[in-house]
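Colleague: Show me the folded form of this:
(2 chains)
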Amino acid sequence: SQKIEQNSEALNIQEGKTATLTCNYTNYSPAYLQWYRQDPGRGPVFLLLIRENEKEKRKERLKVTFDTTLKQSLFHITASQPADSATYLCALDLFSGGYNKLIFGAGTRLAVHP
Amino acid sequence: NAGVTQTPKFRVLKTGQSMTLLCAQDMNHEYMYWYRQDPGMGLRLIHYSVGEGTTAKGEVPDGYNVSRLKKQNFLLGLESAAPSQTSVYFCASSLGDPIFNEKLFFGSGTQLSVL
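Modeller: Numbering: from 1, shown residues only, chains lettered A, B, ... in the order given. Next up, the predicted model:
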């Protein structure tokens, strides 16, 4: 069956460093992958989308890579700030039941310390 | 522009009681979704709708029913609540089919406890 894995352990880093989060998947061939940010008590908020034919995507301090051979996406936050502390979710499209849907990983909590 | 609005925000039920969660979106989105989020398990899709009058089952549909009588509203019903349905429920919407790279817009969630 399809599976999405994100590091369940929290990632603790110092302010100013680069945070790197990992999303691995098995038994999928997604057309694209999305990353969301979720703050405590709030719903997820869309950050970035990367398609299968794109190796890398950037938005301000955010960078996402997508390696369909390794079945892995890396999410980087450069010059991290305490305000970046949140849980980050990856999501992949899945075609089943005649429709496309987004399937989410469990998320990785990032804590940026001053 | 409110986006996606969920009501109620919190609810406590006794086993066997029923309730309906309401989701409303003002973005004229075609697709709407109900997810539940449990610790360590991420977001799991319960039911979804690809347009007014349509509904379909997601990954974990048992014990839930949905209706999409109006394009802007998507209702999630629990006919006989069970403790296993204690969770945080999120509604989301998208402009169209995710195959076209559509992102999801989420509500702020409903925390449901079933005792």
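
Colleague: What number of residues are in the vicinity of the residue of chain A found nearest chain B?
Modeller: Relative to chain B, the nearest point of chain A is residue A:43 (3.1 Å; CB to the nearest CB). Yep, even glycine has a C-beta here, placed from its N, CA and C like the rest. For residue A:43, the neighbour count with other CB atoms under 10 Å in any protein chain shown is 23.

Colleague: Next up, the contacts around it.
Modeller: B:4, B:90, B:92, B:106, B:107, B:108, B:109 (CB atoms under 8 Å, 6 or more residues apart in numbering or on different chains).

Colleague: Check residue B:33 too.
Modeller: Counting by CB under 8 Å, 6+ apart, residue B:33 has contacts A:101, B:45, B:47, B:48, B:49, B:58, B:74, B:91, B:92, B:93, B:94, B:104.

Colleague: Could you check which residue of chain B lies nearest chain A?
Modeller: For chain B, CB to the nearest CB, closest residue to chain A: residue B:106, 3.1 Å.

Colleague: correct me, but residue A:12 touches residue A:108?
Modeller: No: taking contacts as CB atoms under 8 Å, residue A:12 lies outside contact range of residue A:108: 11.3 Å.

Colleague: Neighbour count: these two, which is higher?
Modeller: residue A:108 (21 against 12).

Colleague: Specify the beta-bridge partners of that one.
Modeller: As for beta bridges, residue A:108 partners with residue A:88 under DSSP bridges.
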